[in-house]
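Asker: Sequence first, predicted model second:
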Amino acid sequence: MRFAVSPMWEVGPSYRLLASGATPHVHRPWTDQVGPRLAAAGLDRGWLAELIPPSGYVPDFLNPAPTGPAPSLAEELDRVRATPTGRVRQDLDRLRQEQGRLGPRTRTLYADPRARLVRVAEEIETYWELALAPYWARIRAVLDADVFHRARQAAEHGAGRLFNDLHPSVSWGDDALRLSRRHRPLSRGTAGAGLLLIPSVFTGPVPFTRVTPPEPPQLAYPARGTGALWEPRTAGSAEALAAVLGRSRTRLLTELESPASTTELARRTGLSAAGVSQYLTALRAAGLVSSHRAGRSVLYARTSVAESLLVATARTPGVERGLSQGGAT
């Protein structure tokens, strides 16, 4: 048994959540920001719209078993593109059986998997850049914290405690792992060896499973801490940080509670667009800000390093007073 953090296990569930229109309260800040971007890019009617239906089965080839503890999106997409033709068609046969038909794009994928998987991967990359990459530092922090908690739980109390605390639908007893809401039985004799546990902030309200021997079964479950994922994290004071970075750069970091463009940041802060661009360039060079293409604009987001700095200075008094006065860089 091992844990893994998987970008693709965030792609599918997050896309389904956006497409469903039934947004849980916890994810509303994210969907309000991301939904318009996806519609503008046409991703609400592309490959993913046909491969990820509002409910039911999602083709297994979209979630290859992670080979390490934290593969990158590029590594996972390499494996998606390399899916054998027979595997793709087998998964699409099941999708057609459950949904009643295949869409026009998935029919071309069925006819020529090798060529069309390249197009699927390109759309996933676009979706990632628009919907998940600007938020990945925050998402990854929740996933890593969950893995740390579960691993310590298993080490101190055993696997039984881990499973019984994982989700109400998962239980361990009498040397058997039971998934009460799984529609198909899972037999150790037919499944691959081992078990892969994957926390996800968008999987819910019940765990997802993927069983494709000889790979180990995958169990993607809702990560601890998801409820606080989009809550504002800039609290207390960043005055100490401003003394190092300058007030304007620190103000931009605090404004990047959600990803924003140069124009939006200039409007919020009253700084000139040229000044904002200059400060963001410096922050990016220092590893405190990342940039992500969103159509004709570029979104800037705080990195995990910036999040850590803001948390570390959160208890210093006076940020509201110090940063609201504007002033020098």
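Answerer: Yes, it's here.
Asker: how many other residues sit next to Ala145?
Answerer: As a burial measure, Ala145 scores 14 neighbours (other CB atoms under 10 Å). For the C-beta atoms, the positions are set from N, CA and C on the backbone; glycine is no exception.
Asker: That one against Thr226, yeah?
Answerer: No. Under the criterion of CB atoms under 8 Å, Ala145 makes no contact with Thr226, lying 10.6 Å away.
Asker: Listing request: residues of the stretch 201-329 of the chain with sub-threshold pLDDT.
Answerer: For the stretch 201-329 of the chain, applying pLDDT under 70 flags the ranges 233-238, 314-329.
Asker: The helix or strand hosting Pro36: which residues count as buried?
Answerer: Applying DSSP states H and E as the criterion places Pro36 in helix 28-41. Burial within helix 28-41, assessed by neighbour count using 16 or more other CB atoms under 10 Å, is assigned to Pro29, Trp30, Thr31, Gln33, Val34, Gly35, Arg37, Leu38, Ala41.
Asker: Which of the residues you listed sits closest to Glu156?
Answerer: Checking the buried residues of helix 28-41 against Glu156 with CB to CB, the nearest one is Trp30 at 33.5 Å.
Asker: for that closest one, what are its contacts?
Answerer: Trp30 makes contact with Tyr135, Leu229, Trp230, according to CB atoms under 8 Å, 6 or more residues apart in numbering.
Asker: What segments of this protein are strands?
Answerer: Remark: strands assigned in the chain by DSSP state E are 2-3, 170-173, 176-179, 196-200, 208-210, 218-222, 289-294, 297-302.
Asker: Redo those as TSV? Include distance to Arg152 and mean neighbour count.
Answerer: Written out in TSV, the entries for those read as follows (distance: least, CB to CB, whole Å; neighbours: other CB atoms under 10 Å):
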stretch	distance to Arg152	mean neighbour count
strand 2-3	12	16
strand 170-173	17	16
strand 176-179	20	14
strand 196-200	14	24
strand 208-210	24	19
strand 218-222	17	23
strand 289-294	30	19
strand 297-302	27	20
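Asker: could you dump those strands to TSV with distance to Thr281?
Answerer: Written out in TSV, the entries for the strands of the chain read as follows (distance: least, CB to CB, whole Å):
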stretch	distance to Thr281
strand 2-3	37
strand 170-173	47
strand 176-179	50
strand 196-200	34
strand 208-210	41
strand 218-222	38
strand 289-294	9
strand 297-302	10
